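Colleague: what shape does this take:
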Amino acid sequence: RSHAPRGNAARDAPRPFQSWNAERPLRHSHAERGNDQTCLDQQWPIARGILPRMTFDSPLSAWQYAVDHKGFIQDEAQEHAVWALQKCHEALHAGVRSINGVYLWGPVGRGKTWLMDQFYQSLRVPARRQHFHHFMGWVHQRSFQLSGIADPLRALAKELAGEVRVLCFDELFVNDIGDAIILGRLFQVMFDQGVVIVCTSNLPPDDLYADGFNRDRFTPAIAAIKAHMTVVAVNGAEDHRLHPGAIEQRYFVNEADSPSALGAVFKSLAADETVSDEPVAVGHRTLNVVQASESVLWCRYSGLCEQPFAAMDFIALCDRYRAILLSEVPNLSAQKREGRIARGTEDGAERVVAGDRELPQLSVHDDGVRRFIALVDECYDRKVPLYVEASVPMDALYTEGYLEFPFRRTLSRLQEMQLQRFAEA
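Modeller: Purely as a prediction, here's the structure:
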């Protein structure tokens, strides 16, 4: 993968799915799939993190080889998931018209993403694999471009069906009312168009967007998932990310009155590259840095996570840099603030049931924590090492707050990043 900047024009001018065919035909062979990276990276990151050339012809053979030859622990929950993926894989290649997708859910570190990736890499039909929030970014942009036509979501789903037979999503998670409303119908129209969806999530379908505002607008998506996907709990006792391996420290605890440990890390990573402390352009904003070279970025938590950057900005950073260093990360734990009631000005005199909704009990740090979670997710998905220097040990970084559940995934991913094999994957 090239880490050279690709320019704002490429990032800021998303194009519809069908534009890919105009620039380069969709490749079905796995030997050629990686060659599509340049074309795809010029649009929204629909195929972010193109995977290596396939070795196995099915998810079952990949899993069996890993158990027999790579030291993978036999896991009954994984085995159930593998057979569900295998059934879907066989139906796709047999030309079956109506096929159920697969919904893998369970705690962090149970191998859901690895299993889905083996399924994706062994496909011989048009397919895309991406992080779920990347897909939703494209959906919002494309829906806006299609505004004014009678049924933009159905038009969007037809575009998808014209490009791919299978969509593989990692980390399906919904906490935004805008996403919830769109997904309430989008899943059904994608299934109507014959798109097969395989995804991972930490939650079962019935718990998606739980307690969300206007959740009834999202329940059709849950019904569509349960009707068109085989739901498999991947909830074995093993956290596979914690299995032994060669250690490469990428998380440091800052000692008071001591120089930053990241100084030596940056010097090693950026050797022989030109270094500057000038702000870096990220989209339409600038990011203050401690130091930056052509391929390595070092910035402070306050400069990146406490400023109005979004997931798409973190995508751009991972496009540009092969390593990111983040210093001065504080203890992110804090007590939840009392939930407030949101209402329009017309409701100001009294609480009215129809207009009220309780806002999340966010703690004082949680806006920054959301960005930190998104940054870790992007670095993990792209295999870009993230070096962190914080004021507290990793397991004490976030122990109290509204975001405790999603931060479990973040903690697990930070732990895996301390293994040498992370950057080699």
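
Colleague: strands along the stretch 301-425 of the chain, start to end?
Modeller: For the stretch 301-425 of the chain, the strands defined by DSSP state E, counting those that start in this stretch cover 323-329, 341-342, 357-358, 386-390.

Colleague: ditto for the stretch 51-200 of the chain
Modeller: With DSSP E, counting those that start in this stretch applied, the stretch 51-200 of the chain shows strands at 101-105, 127-131, 166-170, 196-201, listed in chain order.

Colleague: the ones you listed: which one's closest to F72?
Modeller: strand 101-105 (16.4 Å; CB to CB). (Glycine included, C-beta is placed from N, CA and C.)

Colleague: below-threshold pLDDT in the stretch 251-400 of the chain: ranges please.
Modeller: 335-362 (pLDDT under 70).

Colleague: show me where it has helices.
Modeller: Secondary structure of the stretch 251-400 of the chain (DSSP state H, counting those that start in this stretch): helices located at 262-269, 301-304, 311-320, 366-382.

Colleague: mean neighbour count added to the ones you listed, as CSV?
Modeller: Converted to CSV, those look like this (neighbours: other CB atoms under 10 Å):
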stretch, mean neighbour count
helix 262-269, 17
helix 301-304, 19
helix 311-320, 22
helix 366-382, 22
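
Colleague: now these in JSON lines, with distance to E294?
Modeller: Output for these, formatted as JSON lines (distance: least, CB to CB, whole Å):
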{"stretch": "helix 262-269", "distance to E294": "11"}
{"stretch": "helix 301-304", "distance to E294": "19"}
{"stretch": "helix 311-320", "distance to E294": "9"}
{"stretch": "helix 366-382", "distance to E294": "17"}
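
Colleague: nearest to A281, out of those?
Modeller: Ranking the helices of the stretch 251-400 of the chain by their distance to A281 (criterion: CB to CB) puts helix 311-320 first, at 9.4 Å.

Colleague: picking that back up, any chance of the strands of the stretch 51-200 of the chain in JSON lines, plus mean neighbour count, mean pLDDT and distance to H89?
Modeller: Converted to JSON lines, the strands of the stretch 51-200 of the chain look like this (neighbours: other CB atoms under 10 Å; pLDDT from 0 to 100; distance: least, CB to CB, whole Å):
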{"stretch": "strand 101-105", "mean neighbour count": "25", "mean pLDDT": "96", "distance to H89": "9"}
{"stretch": "strand 127-131", "mean neighbour count": "22", "mean pLDDT": "90", "distance to H89": "11"}
{"stretch": "strand 166-170", "mean neighbour count": "23", "mean pLDDT": "93", "distance to H89": "10"}
{"stretch": "strand 196-201", "mean neighbour count": "24", "mean pLDDT": "96", "distance to H89": "9"}
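
Colleague: adding distance to Q307, write those out as a markdown table.
Modeller: Formatted as a markdown table, those follow (distance: least, CB to CB, whole Å):
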| stretch | distance to Q307 |
| --- | --- |
| strand 101-105 | 33 |
| strand 127-131 | 22 |
| strand 166-170 | 26 |
| strand 196-201 | 29 |
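
Colleague: quick one: distance of stretch 190-197 to the chain centre.
Modeller: Stretch 190-197 sits 21 Å away from the centroid of its parent chain (CA atoms, centre = their mean, to the nearest Å).
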